[in-house]
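Novice: Need a 3D model of the following:
(chains A and B)
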Amino acid sequence: MEYLASTILLIGIFVILAASYNLIIGYGGLNTVAHPIFFALGAYTSGLLGAATGLPAVVCVLAGVAVAMAASFVLAITTLRISGDYLLIASLGFQLGLLQLVNNVEFTGGPAGLSSIPDTFAGPGRGAIYVVICTAAAALVVWAIWRTMNGPFGRAVRAMRDDELACAALGRSLIGMKIRIFALGCGAAGLAGGIYAYYFQYISPEQFQVAQSAEILTMVVLGGIGTTLGPIVGALVLVVLPQAINFLHLPNGLVGPAQGIIFTALVILFLFLRPGGLVGTAGAGAAH
Amino acid sequence: MSERQSNNGSAFGRRKALALPFAALAARSGRAVAQAKEPFRFGCLMPTTGLEAGYGLDFVKTFEMATKDINDHGGVNGHPLEMVVLDTQAKPELAIPAAQKLIDVDKVPLIVTAWSSVVKALGPVMNRGRTLQLNMGANSPDIANLGDFTYSTFPLADVDVTALANYCHTKMGKRRAAVLYINNDTGIGGAKLFRDTFTKAGGEIVAFEAYDPKATDFTGLLLKVRVANPDMVHMHSLAELPQVIAQMRQLGMTQQITSYSVGYNPKILAQLGAAAEGLIVTSLAPTSTANPNVVKLLDLWKQVGRAPNGLPYLQYAWDTTLVTAQVYGWLDQQNMPLTGENCRKALLAIKTFDLPMTGKLAVTDDHKVQKPVYLYVVKNQQFTLLETIA
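Specialist: Just a heads-up that it's a prediction; the model follows:
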């Protein structure tokens, strides 16, 4: 069933995005809103490469990951000397500038979007194949982040988040850590973009607006910032909830407003009752 | 040319023409009101929340009115017609899962849609799900190339923009045009069409400028246009059209302004007042003066208690419901199951639809729709018919 498959796939994609964003903002304490552009870079690189060369999807998606990681170096290197609000503003400029570029060059399709992405798996089993691939990719990303954050590097990253000066005084290279966190997190976002592009076969700049950062951040905060399971729970709740409201058989004019009201009320309620997130504790993670 | 003449003299029999398709369907069933038989359902994907909800909700309301009218006249061979509506916010990422729910859970064989980015995003979904998509309001020229399961009941931009550009050059004698457009799918497609047609006709494009969809100040852009000294300015805008026109007039620029069907909206006249005088816009559907059937739709909207947004689009919404009913009726007569593939077969078999609100619709292999283009000019704060281009 394609609908079920696409819902699970969206959960998987948002688990990757939320987990990788959690790595950067939750564990690393690096305030950035540029995550959607790395998602876009993965999607556009994969889609364009697939459409132009006919290379296998795996190769194109990996190329998307590589481009997203390369772009993350640009952001990391240009923002090494800044943090906090300044990093936030710099990442906003990076997101808006690159998206304008995607929006204004011919070969990406501009605002009209890219619709010539090849269909890799035709036939009735297509949805199931993508679900398996996406679930495996999401599990791999979550495992990789968990593994990274539960070793010496992870402890150093948390130390950097809590006090940069103290961490540097211990002989840790903050620059190297920031570059690695950005590379891992943004590369994962590129992976999500590649899967998204191949599954939906249509991408446009409006799907990667800066507002998407708020959506992913809500998933992270709702689930539990700075935790392994938090982004998974957050993505699950925020993808499934609007879909579930569609099944309430409300009158036509009420479905949209009801989605907004129920969704917002639940998010506020969750955050009020569990400020540390659904799986987090009040004091867990980065207290941003 | 008067509006009635523009309709090629074919006086639509008010009410009669409107009721004809339903009466035929109802006669076969021998029932006055459809109730007992299994309902025939179709999907409707519109923005009922978000920035475009003003139009989207009115489209949905009109679909509901048309569906009720069909059911009041006996339904589709006695089967009540039912609509399942889901919100898209005019965003592709929301439209895709919504379409998949309609296909897989609600099992609808046909979905009506609008907004170019949504229609384009749904192209591959419809092809894979073998479900028919009827676009009733999006006009990106790319929509004609989305595959076997996407057809339009609404003309794409190449119909009215081409006619307008040719008219400006040949009839109005304009030789130097500036084009201002919103930097999105609708704006770029329409602006390029205007530029190419106007240039091909022998005119010169002296300025071709895009602005950001979120822009509110157009002064710099307009000053650039003023320096280029055009005879006319074509604006391929959306909701910000009144702002651009107002700022242009405030800068003392008196050039002729043209726009496309989005400019044919009484709200723009109310917002602009005297600044709207002389504005030329297109419309792809006849008015109530030219087509008395439209009066019925307006009467129904009077019961709602307010003027509808984008009346010509609503006329297409009404007629698209009729197309859906006729497609389902044809399949029912042939004892064929209601599937997306069969709906496509029915659409191609019926081929020509006589529709009460927008006239004849011919389904063609190139997935394009040809309709007369109505050019209106604003005179004394009213849209006055300038020319009908068949």
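Novice: what helices or strands is the helix or strand containing A:Val239 leaning on?
Specialist: Using DSSP states H and E, A:Val239 maps to helix A:230-246. Helices and strands touching helix A:230-246, by 3 or more Cβ pairs under 8 Å, 6 or more residues apart in numbering or on different chains; DSSP states H and E, are helix A:2-21, helix A:211-223, helix A:252-273, helix B:92-104. The C-beta positions use only the backbone N, C-alpha and C, and glycine is treated the same way.
Novice: just the angle between it and helix B:92-104, please?
Specialist: Taking axes from the mean of the first three to the mean of the last three Cα atoms, to 10 degrees, one finds helix A:230-246 and helix B:92-104 inclined to each other by 60 degrees.
Novice: Check the helices and strands packed on helix A:230-246 for me: which has the lowest mean pLDDT.
Specialist: Sorting the helices and strands packed on helix A:230-246 by mean pLDDT places helix A:252-273 lowest, at a mean of 74.
Novice: Of the helices and strands packed on helix A:230-246, which is nearest B:Leu269?
Specialist: If you check each of the helices and strands packed on helix A:230-246 against B:Leu269 by Cβ to Cβ, helix A:252-273 wins as the nearest, at 27.6 Å.
Novice: if we can go back for a sec, any residues touching the helix holding A:Val239, and which ones?
Specialist: Contacts of helix A:230-246 with the rest of the structure, by Cβ atoms under 8 Å, 6 or more residues apart in numbering or on different chains, involve A:7, A:10-11, A:14-15, A:17-19, A:21-22, A:26, A:142, A:215, A:218-224, A:255, A:258-259, A:262-263, A:266, A:277-280, A:285, B:86, B:97-98, B:101.
Novice: Mind doing that once more with 6 Å?
Specialist: A:7, A:10-11, A:14-15, A:18-19, A:22, A:219-220, A:222-224, A:259, A:262-263, A:277-280 (Cβ atoms under 6 Å, 6 or more residues apart in numbering or on different chains).
Novice: circling back: dump the helices and strands packed on helix A:230-246 into JSON lines; add mean neighbour count as well.
Specialist: Output for the helices and strands packed on helix A:230-246, formatted as JSON lines (neighbours: other Cβ atoms under 10 Å in any protein chain shown):
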{"stretch": "helix A:2-21", "mean neighbour count": "25"}
{"stretch": "helix A:211-223", "mean neighbour count": "21"}
{"stretch": "helix A:252-273", "mean neighbour count": "14"}
{"stretch": "helix B:92-104", "mean neighbour count": "24"}
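Novice: With distance to B:Gly54 as extra columns, can I get these in TSV?
Specialist: Formatted as TSV, the helices and strands packed on helix A:230-246 follow (distance: least, Cβ to Cβ, whole Å):
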stretch	distance to B:Gly54
helix A:2-21	28
helix A:211-223	20
helix A:252-273	12
helix B:92-104	17
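Novice: Show me the shaky parts of chain B.
Specialist: B:1-35 (pLDDT under 70).
Novice: tell me the secondary structure for the residue nearest to the spatial centre of chain B?
Specialist: Computing the C-alpha centroid of chain B and ranking residues by Cα atoms, centre = their mean puts B:Gly137 first, at 3.5 Å. Secondary structure assignment for B:Gly137 (DSSP: H, G, I helix; E, B strand; the rest coil): coil.
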